[in-house]
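> Predicted model follows, preceded by the sequence.
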Amino acid sequence: MSRSSTPLLDGISSPSDLRGLSDANLAALSRELRNEVIEAVSVTGGHLGSSLGVVELTVALHAVFDTPRDKIVWDVGHQCYPHKVLTGRRDRMQTLRQEGGISGFTKRSESIYDPFGAAHSSTSISAALGFTVGRDMGQPTGDAVAVIGDGSISAGMAYEAMNNAGAMGRRMFVILNDNEMSIDPPVGAMSKYLSGLYDSPLAKLQQGFEAALPGPLRDHARRARQLVTGVAGTQGTLFEELGFTYMGPIDGHDMGQLMAVLRAAHARATGPVLIHCCTVKGKGYAPAETSADKYHGVSTFDVASGVQAKSIPNAPSYTKVFGTALTREAEADSKIVAVTAAMPSGTGVDILAKRFPKRVFDVGIAEQHAVTFAAGMAASGLKPFCAIYSTFLQRGYDQIVHDVALQNLPVRFAIDRAGLVGADGATHAGAFDVGYLSNLPNMTVMAASDEAELMHMVATAAAYDAGPIAFRYPRGEGTGVALPERGKVIEIGKGRIVREGSDVALLSFGAHLSECLRAADKLAEQGVSVTIADARFAKPLDRDLIRQLLRHHKALITIEQGARGGFGAMVLHDLVNDGLLDGRCAIRTMTLPDRFIEQASPDAMYADAGMTAIDIAAMALEAVGQVRVGTKVR
């Protein structure tokens, strides 16, 4: 398919070039920009729907505000593709989310137009307020604009930031990008009303804004109030109660409306302003607009048809195995419930929801609430499974400590996306959960080495009522092992021997077991006999198994898909207290290195981390003295 003609976009080398264009040309430029984003993402895959929803808004913001001196902070950042095209990265868009390419999120090290990195939600208002204070204290920065979605603004951190910003009363801007609403045709009346905005005092614009709207738009405005207050009526929005000037709702795809409101706000604002902007996810690309998920996250696709190029999996995904196993356990135990934080399909609990819809609770982007909500259900006698990605569970850590572990409540944490996750890069890596959970009293921590083990761990967690328990598993498809009809309960704190040898023991915790098996084959070619053990538990450790491996081998190596301070550290701490690091067995730990691993395929990321089968074999040979450090193993 030939590339779209982009005469206006071809003339844009930086956002400053936008400021000389008419509103009509900005609208035309937006059409070219939308096509550019569609064509780029068709090659790389990525977050398409959210980016298509903010094309006009992105153009308008850069046309009105003096970026990069003024700071646009994109919440989450997955909608930033149009922004990247306009800010000097157009020629690199087909490297998006690829190894060595540009990030799928905003990233400070990538561009001066990315003032604050993002990938987790609800941080933008806090960061924008920080820039605002910096400006007011003499730092070389201008206005700050936070662009936040209706999903992200529901999280507690956003409200905390608004409360603080309203109390300070400093000039800043929040754009509420509401893609749950749409504005239908009476835009002529809205446009007429907005025509005099620029010359009106901002307070006057705010007063009576809703009353002046035609009926359908007035209904949307009332819905906007309910969006943030939960209360119908004519009282001020929560934003106004917090000290924000509220303007909207406006049509986020009408360049005339956008420019009129943004220019007026920019010219007149003296304190915090919130502009409620209604957009359509996937706007302008029919396959996205008509899709159930609005092409939120897509693989590569054919632009003409919208058909995505999805590979045929060799095995079911860990996520699907978890959801199916949990459903089977729930069929046998009516006390089992599931909690997720805005990720029912991403975590697999949608499978349970189809079978038992009243036993699955999606709390929105609210991990702190999710954890304590699950703790409350556990205290009531239910058996909650709190299913949250590793990277997002970090957001609820105080609640894990204070509300779960301290009270020894049997919350089951199902931790998806453990380890390195590929194109989403460092922001979504599940690197830290083993360390931050294993150091908590009362916590039991497991990791599945394959999808059958995951089923056993779901069954084990369902049966375990003595305290909190967690199990982690990676993104993507399983190893293809045979699956039981239903998981079996594992004895707490007991690992297993997978292969017996005599020279080196590889003690694997989690899904790197398959790489350990490949390393053992390479070592066998060099005459080294290898025992492979699946630890299963980081806490409590299988102390008998570890000591058995220590006694009967020349070297013991722990391997895990996590950061330093995790499983290997637990083993070392256990052994040093018994004086067992002083014996004849060489002991090594293999973890992710002490740095963030940039985006690539998962295999390439583990290669970058030095955790391939070849790396494992090389460490084993060095430990038993057969090769010098740095010698290559083939």
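Yes, it's here.

> Could you list the low-confidence segments of the stretch 501-634 of the chain?
Along the stretch 501-634 of the chain, the parts satisfying pLDDT under 70 run over 627-634.

> for the stretch 151-300 of the chain, same thing?
Residues of the stretch 151-300 of the chain that meet the criterion pLDDT under 70 lie in 181-238.

> Which parts of it are strands?
172-178, 245-251, 272-278 (DSSP state E, counting those that start in this stretch).

> any chance of those strands in JSON lines, with distance to residue 393 too?
Where C-beta positions appear, they are placed from N, C-alpha and C, glycine not excepted. Putting these into JSON lines (distance: least, C-beta to C-beta, whole Å) gives the following:
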{"stretch": "strand 172-178", "distance to residue 393": "26"}
{"stretch": "strand 245-251", "distance to residue 393": "34"}
{"stretch": "strand 272-278", "distance to residue 393": "30"}
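
> Out of these, which gets nearest to residue 608?
With respect to residue 608, and counting by C-beta to C-beta, the nearest of the strands of the stretch 151-300 of the chain is strand 172-178 at 34.6 Å.

> which outside residues touch that closest one?
53-54, 57, 61, 79, 125, 128-129, 132, 143-150, 153, 162, 165, 224, 227, 244, 248-249, 252, 265-266, 269, 272-279 (C-beta atoms under 8 Å, 6 or more residues apart in numbering).

> Could you do stretch 302-317 as well?
Stretch 302-317 is contacted from outside by 1, 38-39, 42, 285-288, 291, 295, 298-301, 324, 451, 475-481, 483, using C-beta under 8 Å, 6+ apart.

> End to end on that stretch, go ahead and measure it.
This stretch, stretch 302-317, spans 25 Å end to end (C-alpha to C-alpha, to the nearest Å).

> Mean confidence (pLDDT) on it, please.
Per-residue pLDDT over stretch 302-317 has a mean of 88.

> how far does it sit from the chain's center?
22 Å (C-alpha atoms, centre = their mean, to the nearest Å).

> Where do the helices of the stretch 101-250 of the chain begin and end?
124-136, 156-168, 187-194, 202-206, 215-229, 238-241 (DSSP state H, counting those that start in this stretch).

> ok, back up a step: could you dump the strands of the stretch 151-300 of the chain into CSV and include mean neighbour count?
Below are these laid out as CSV (neighbours: other C-beta atoms under 10 Å):
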stretch, mean neighbour count
strand 172-178, 26
strand 245-251, 25
strand 272-278, 26
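
> between these, which gets nearest to residue 516?
Of the strands of the stretch 151-300 of the chain, nearest to residue 516 by C-beta to C-beta is strand 172-178, at 45.8 Å.

> Contact partners for residue 272?
Residue 272 makes contacts with 165-166, 168-174, 243-245, as judged by C-beta under 8 Å, 6+ apart.

> List just the nearest of the residues you listed to residue 350.
The closest of the contacts of residue 272, once distances to residue 350 are taken by C-beta to C-beta, is residue 174, at 31.7 Å.

> Specify the beta-bridge partners of that closest one.
residue 146, residue 274 (DSSP bridges).

> how much space is there between it and residue 64?
Distance of residue 174 to residue 64, computed by C-beta to C-beta, to the nearest Å: 15 Å.

> and what of residue 599?
For residue 599, the distance to residue 64 - C-beta to C-beta - is 32 Å.
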